[in-house]
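# Just the structure for this:
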Amino acid sequence: MIAVTGAASTQIWPARGKALWDINFHGVQLLSKVVLEKKIPKLIHIGTANSFAPGPKSNPGSEENPYTDDRYGLDYQDSKYAAQKFLLEAASKRGLPVTIINPTFMFGAYDTKPGSGQMILALYEGKTPGYTRGGKSYIAAKDVAVAAVNALRMGRNGECYLAAGENLDYLEAFTRICRVLGVAPPRLPIPPGLSFIVGVLGSVSGRISGKAPRISFPMARLANEDCYYSNRKAVEELAMPQTPFEVGVAEAIAWFKGNNYV
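The predicted model follows:
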């Protein structure tokens, strides 16, 4: 019998919320208790790359980096890190047989919300006027799935594995996504100061209206950060594949079109 947990709330608006902790932290506590009581041989937990500090392209973040995202004031990051810390302590002190997979920004089919695929849809529909100075690590969702499955037999207990892919700044990523989509990429650079002003106005508007803004202040801050990560450990120890960036984008948009999202 094997336990795999991937259920989580990725809500970033509002920034704080009890439900985030109930799902992302307390739910993990309950599941780990069952794993120990029933002597289940393996628990695979899907965490987040945000639980480790990122780095620049020249020195991307690794599993050795500390947690620094508490500065953004988002319960999503804080609750996911708290869950990871709890699981690693349980592995060390109580022998919990857990391996943690920490994905970066994922693209792929079956994005029903949509979540990360909203970036692709916004570019396809011409709703992205420009780009900020930051960047991310992009990974095909199916590669993360392979890493999680391989971790059942290859992952070390009490270890984290960053499921990262290609590190691209937003201009690079938007240009390559739009090339796959066959649309013109945004060419307007958005200065950090302007994006922060938009983020502040979005947060204020959201508090007044009760509706999630398209851009909040924490989101604007994140959009100007270099959020790059290394995939070395996951590739070497879990044989995690690296689907080309454009393939992941193409599979995502094909699924969206096939399911009437566009």
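# Sketch out the strands for the stretch 51-200 of the chain, chain order is fine.
With strands called from DSSP state E, counting those that start in this stretch, the stretch 51-200 of the chain shows them at 98-103, 105-107, 130-131, 135-140, 159-163, 166-169, 188-189.
# Listing partners with orientation, what would you give for the second one?
Strands adjacent to strand 105-107 in the sheet, as given by DSSP bridges, are strand 135-140 (parallel).
# returning to that earlier point: reformat the strands of the stretch 51-200 of the chain as TSV; add mean pLDDT and distance to residue 250.
For every residue, glycine as well, the C-beta is placed using N, CA and C. Shown next, in TSV, are the strands of the stretch 51-200 of the chain (pLDDT from 0 to 100; distance: least, CB to CB, whole Å):
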stretch	mean pLDDT	distance to residue 250
strand 98-103	97	20
strand 105-107	95	9
strand 130-131	96	21
strand 135-140	98	10
strand 159-163	98	20
strand 166-169	98	15
strand 188-189	96	25
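# mind giving me JSON lines with these and columns for distance to residue 211 and mean neighbour count?
Shown next, in JSON lines, are the strands of the stretch 51-200 of the chain (distance: least, CB to CB, whole Å; neighbours: other CB atoms under 10 Å):
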{"stretch": "strand 98-103", "distance to residue 211": "28", "mean neighbour count": "26"}
{"stretch": "strand 105-107", "distance to residue 211": "24", "mean neighbour count": "22"}
{"stretch": "strand 130-131", "distance to residue 211": "23", "mean neighbour count": "18"}
{"stretch": "strand 135-140", "distance to residue 211": "26", "mean neighbour count": "25"}
{"stretch": "strand 159-163", "distance to residue 211": "32", "mean neighbour count": "26"}
{"stretch": "strand 166-169", "distance to residue 211": "30", "mean neighbour count": "21"}
{"stretch": "strand 188-189", "distance to residue 211": "26", "mean neighbour count": "10"}
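# mind checking which of these is nearest residue 238?
strand 159-163 (5.8 Å; CB to CB).
# quick revisit: include distance to residue 75 when you put the strands of the stretch 51-200 of the chain into JSON lines, please.
Converted to JSON lines, those look like this (distance: least, CB to CB, whole Å):
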{"stretch": "strand 98-103", "distance to residue 75": "18"}
{"stretch": "strand 105-107", "distance to residue 75": "19"}
{"stretch": "strand 130-131", "distance to residue 75": "27"}
{"stretch": "strand 135-140", "distance to residue 75": "21"}
{"stretch": "strand 159-163", "distance to residue 75": "21"}
{"stretch": "strand 166-169", "distance to residue 75": "27"}
{"stretch": "strand 188-189", "distance to residue 75": "31"}
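# Please consider this matter closed, and thank you.
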